[in-house]
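**Student:** Predicted structure and sequence below. I'll ask about it afterward.
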Amino acid sequence: MVRRGRENLSNVVASQIATHAKFGGVVPELAAREHLHNIVPVVRAALAEAGAAFRDLDAIAVTSGPGLAGALLVGITYAKSLAYGLGKPLIAVNHLEGHIHAVLLEQTTTRTALEPETPILALVVSGGHTHLYLADFNDTGAPGSEFGARAANAPNPGKTWHYRNVGRTVDDAAGEAFDKVAKLLGLPYPGGPWIDALAPRGNPKAVPFAFAQIKAKGNRPAAEDNPETKTLFSFSGIKTAVLRYVETHGLKPSIEARKEALMAIPGPKPADALALCDQQTLDLIASFQHAVVGDLLRKTVRAAERLGVRSLIVTGGVAANRELRARFAAEAADRNLPVAFPSLTLSTDNAAMIAAAAWPKYLAEEFAPTSLNADPSLALGG
Ligand code: KG4
Ligand code: ZN
């Protein structure tokens, strides 16, 4: 529950990690079932934690995509019934816009940093996405605003944000690469936090992973300075390179042993995994992470230059990664380009970011129709 897009009153997360971990990845049918099971208790807990009742709500926000159809449908159906029953407006939010607003919410809440200056380049890196967006806003609180009395009378006039997609992955998402490589090395699901925890124990220069230049129509090297050029990422090659390393260096037996040993420990900790990794494996982990973070950093910075942005946002599950944060912060400082990340709690999927993204839409009276449906491949911006 979020007040005026700025104040996080409660953020209840029902993690499904334990359910999916046994299968080494998300099982769509189970995800939908878990949502169905958890949605009512989670909403009640969020209200209780905020000390609020249903009648105190201004509107109900819900993720309409992108994501797994079954899971999205559970949320949409419940949100629609709630909005209808309470006579409150329903607001549809794009999941990726939510990740961007996770950062904006905290920047305005804590005021530890100034709100990022626009235009912003947002890197959304999660298990399903590696996207770059150019984000900017129209001020809805300005005199003569095209928006109604709701905006003009609001104590904190909002902004309607608009986005342009300026980069994407051509195959796997960065988080997917973390998860697949972790699985390949016998580490639990989701793999990102395990790789993050083990990487500092290895030599990041031990295995020189290289990223090939990705060619696509209109993306010839000569187009590098053209603001219309899209940044393309690719993370399936490095996963194959790790697999090849594992095979050529005979790591399979030790990986099997590690996997079995970790599965036998209830609630394994990074220290347990560390005790089960030899130096060669730690070096491989460190080199993998170093290469992925380096590629994300290089391409994002290049896009920031090309587009002339005034600040950077890095968000999504992978933005929790410590090496990623440290290297983005250092590079951005060198370039005098402010960079903002969400807190660790708001890096991975959560509901507060959806409520925060809904506030400007509430001010603009951008409400969802009763025909709202799940859109598993919903795009953000143009
Ligand atoms: O945003 P998110 O919670 O869900 C999606 O929308 O996908 O992101 C989950 C992804 C997973 O792939 C997970 O391994 C990765 O974020 N992740 C990390 C870290 N924490 C989560 N990757 C690298 N380092 C981390 N510390
Ligand atoms: Zn996400």
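**Tutor:** All right, it came through fine. No experiment lies behind these values; they were computed from the predicted model shown. Numbering: from 1, shown residues only. Ligands and ions are numbered 1, 2, ... in the order given.

**Student:** from the stretch 201-350 of the chain, which residue is nearest to ligand 1?
**Tutor:** Gly317 (2.1 Å; CB to the nearest ligand atom). Every residue, glycine included, has its C-beta placed from N, CA and C.

**Student:** I figured that residue hits Gly192, correct?
**Tutor:** Yes. Contact criterion CB atoms under 8 Å: Gly317 and Gly192 qualify, at 6.3 Å.

**Student:** Of the two, which one has the most company?
**Tutor:** Ranked by neighbour count (other CB atoms under 10 Å), Gly317 and Gly192 place Gly192 first, with 27 against 24.

**Student:** Next, show the common contact partners of Gly317 and Gly192.
**Tutor:** Common neighbours of Gly317 and Gly192, using CB atoms under 8 Å, 6 or more residues apart in numbering, are Gly127, Gly175.

**Student:** Please name every helix or strand in contact with the helix or strand hosting Ala46.
**Tutor:** Element membership for Ala46, per DSSP states H and E: helix 28-50. Packing contacts for helix 28-50, counted by 3 or more CB pairs under 8 Å, 6 or more residues apart in numbering; DSSP states H and E, involve helix 17-21, helix 69-86.

**Student:** So which bits of it are buried?
**Tutor:** Using 16 or more other CB atoms under 10 Å as the test for burial, helix 28-50 gives 30-36, 38-39, 43, 46-47, 50.

**Student:** which element follows the lowest-mean-pLDDT helix or strand in the chain toward the C-terminus?
**Tutor:** The helix or strand of the chain with the lowest confidence, counting by mean pLDDT, DSSP states H and E, is helix 149-153 at a mean of 45. Using DSSP H and E, the helix or strand that follows helix 149-153 in sequence is strand 159-169.

**Student:** residue ranges of the strands in this protein, please?
**Tutor:** Along the chain, counting by DSSP state E, strands occupy 2-3, 7-8, 60-65, 90-94, 120-125, 130-139, 159-169, 231-233, 311-315, 339-340.

**Student:** so does stretch 54-69 get close to ligand 1?
**Tutor:** No. Using CB under 6 Å from any ligand atom, stretch 54-69 never reaches ligand 1; the gap is at least 7.4 Å.

**Student:** near ligand 2, anything from that stretch?
**Tutor:** No. Stretch 54-69 does not reach ligand 2 (CB under 5 Å from the ion); its nearest approach is 8.1 Å.

**Student:** biggest helix in this protein by residues?
**Tutor:** In the chain, with assignment by DSSP state H, the single longest helix is helix 279-307.

**Student:** Report the distance from that helix to the chain centre.
**Tutor:** 17 Å (CA atoms, centre = their mean, to the nearest Å).

**Student:** Check which residues of it are buried.
**Tutor:** 280-297, 299-301, 303-304, 306-307.

**Student:** and what of stretch 369-382?
**Tutor:** Neighbour counts over stretch 369-382 (16+ other CB under 10 Å) mark Leu372, Ala374, Asp375, Leu378, Leu380, Gly381 as buried.

**Student:** What does the pLDDT read for the third one?
**Tutor:** At Asp375 the predicted local distance difference test score is 97.

**Student:** Repeat that for the fourth one.
**Tutor:** Among the per-residue scores, Leu378 holds a pLDDT of 97.

**Student:** Give me the phi and psi for it.
**Tutor:** phi -50, psi 130 (degrees, to the nearest 10).

**Student:** One more: the one 3 residues further on?
**Tutor:** Backbone torsions of Gly381, given as degrees, to the nearest 10, read phi 70, psi -170.

**Student:** Please shift the residue numbers so they start at 45 in all later answers.
**Tutor:** Will do, 45 is the new start, and the previous item becomes Gly425.

**Student:** residues contacting it?
**Tutor:** Applying CB under 8 Å, 6+ apart, the residues near Gly425 are Tyr177, Leu178, His206, Tyr207, Arg208, Asn209.

**Student:** do Gly95 as well
**Tutor:** Leu53.

**Student:** Where does pLDDT dip in the protein?
**Tutor:** The chain contains residues with pLDDT under 70 at 152-158, 184-202, 257, 259-267.

**Student:** Need the residue closest to the centroid of it.
**Tutor:** Compute the mean C-alpha point of the chain, and by CA atoms, centre = their mean the closest residue is Gly360, 1.8 Å away.

**Student:** domain parsing for this structure?
**Tutor:** Domain assignment for the chain by automatic domain parsing gives 46-150+389-407, 218-385.

**Student:** How far off centre is stretch 203-214?
**Tutor:** That offset, for stretch 203-214, works out to 13 Å (CA atoms, centre = their mean).

**Student:** what does that stretch contact?
**Tutor:** By CB under 8 Å, 6+ apart, stretch 203-214 touches 141, 144, 165-167, 173-185, 191, 258, 260, 274-279, 343-344, 347, 351, 404-405, 407-408, 410, 423-426.

**Student:** Buried residues of that stretch, list them for me.
**Tutor:** Going by neighbour count (16+ other CB under 10 Å), the buried part of stretch 203-214 is Lys203, Thr204, Trp205, Tyr207, Asn209, Val210, Gly211, Arg212, Thr213.
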